[in-house]
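Asks: Sequence plus predicted model, see below.
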Amino acid sequence: MAKKSKRMRALAEKVSGKELIPLPDAVALLKSFNNTKFDQTVEVAIRLGIDPKQADQIVRGSVVLPNGIGKSLRVVVFAKGDKIAEAQEAGAEEVGGPELAEKIKAGWTDFDVCIAAPDMMGIVGPLGRVLGPRGLMPSPRAGTVTPDIGKTVKEYKAGKVEFRNDSGGNVHAIVGKLSFEADKLVQNIQSFIEFVQNLKPAAVRGQYMRGVAISATMSPGVRVAL
């Protein structure tokens, strides 16, 4: 395990032993850690009372946060016909068909989101080996296999985030930058928490949301009162 820097040890002491604190206070504490030369990314992590081995308890989805995430995602689109121009006008970095699939098969994954029109899945399907492990495989459930190409590209360019629970039953998402005004971070985090709350699988028994923490790139986690 890497040794913590003096700065990280000092920050960790600020949150050590703290009770769960309300979200606005947690954001204020996190913003007080902003003493680096770059604009740190803020993430939220939610621990869920699910059994991730059960298919009917998987929690995944995508949501457009009210204040974006502070970066423009690189979007590629599989489309043909008039959908090509639609994707390009919406801001997609690259749009194509078989030739784009070959480029990805050769190892190119320099993008954040992959969107596909439903009639392109015959071409996209075989890319699962490359895109799946990177979390980039288009999926109807995540909203990235869709006939609404232009609308979906614009949403991701504006700061839509995708998430899926990990093997420990946790979901993680980027919710902004540490330079965001505190109230905008609070709005983004609250929106994400509420969205995940509404995805509670019917098969889950007992407490669904078991813990929430927020952190920045170079900060310890701050535990939030639900």
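Replies: Right, received. Where do you want to start? Numbering: from 1, shown residues only.
Asks: after the helix or strand of the chain with the lowest mean pLDDT comes which helix or strand?
Replies: Least confident helix or strand of the chain, by mean pLDDT, DSSP states H and E, is helix 6-15 with a mean of 56. Proceeding N to C from helix 6-15, the next assigned helix or strand is helix 23-31, under DSSP states H and E.
Asks: I'd like the average pLDDT over whichever helix or strand comes after that next one.
Replies: Of the helices and strands lying after helix 23-31 in sequence (DSSP H and E), the nearest is strand 41-48. Mean per-residue pLDDT for strand 41-48: 97.
Asks: buried sites along strand 41-48?
Replies: 41-46, 48 (16 or more other Cβ atoms under 10 Å). In this view, the C-beta of every residue, glycine as well, is placed from N, C-alpha and C.
Asks: And for stretch 97-116?
Replies: In stretch 97-116, counting by 16+ other Cβ under 10 Å, buried: 100-101, 104, 111-116.
Asks: Ok, stretch 142-153 next?
Replies: For stretch 142-153, the neighbour count (16+ other Cβ under 10 Å) marks 142-146, 149-150, 152-153 as buried.
Asks: So for that stretch, first residue to last residue, what's the gap.
Replies: 13 Å (Cα to Cα, to the nearest Å).
Asks: ok now that stretch, how far from the chain's centre?
Replies: Taking Cα atoms, centre = their mean, to the nearest Å, one finds stretch 142-153 lying 16 Å from the centre of the chain it belongs to.
Asks: Need the single longest helix in the protein, by residues.
Replies: Criterion DSSP state H: the longest helix present in the chain is helix 182-197.
Asks: Am I right that Val145 is in contact with Ser139?
Replies: Yes: with contacts counted by Cβ atoms under 8 Å, Val145 reaches Ser139, the gap being 6.1 Å.
Asks: what about the nearest residue to Val145 once chain neighbours are set aside, how many neighbours?
Replies: Nearest non-adjacent residue to Val145, counting by Cβ to Cβ, 6 or more residues apart in numbering: Pro138, 4.7 Å away. Other residues near Pro138 come to 25 when the count uses other Cβ atoms under 10 Å.
Asks: So Pro138: helix, strand or coil?
Replies: Three-state assignment for Pro138 (DSSP: H, G, I helix; E, B strand; the rest coil): coil.
Asks: I'd say it and Val124 touch.
Replies: Yes: in terms of Cβ under 8 Å, Pro138 counts as a neighbour of Val124; the distance is 5.8 Å.
Asks: Pull up the overlap in contacts between the two.
Replies: 78, 114, 116 (Cβ atoms under 8 Å, 6 or more residues apart in numbering).
Asks: is it possible to export those to CSV including distance to Glu19?
Replies: As requested, these are exported to CSV (distance: Cβ to Cβ, whole Å):
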residue, distance to Glu19
Phe78, 49
Cys114, 42
Ala116, 46
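Asks: Go through these and name the one nearest Lys157.
Replies: The nearest member of the shared contacts of Pro138 and Val124 to Lys157, counting by Cβ to Cβ, is Cys114 at 13.9 Å.
Asks: Wasn't that closest one part of a strand?
Replies: Yes: counting by three-state DSSP, Cys114 falls inside a strand.
Asks: where's Ile214, which helix or strand?
Replies: Using DSSP H and E, Ile214 falls within strand 209-216.
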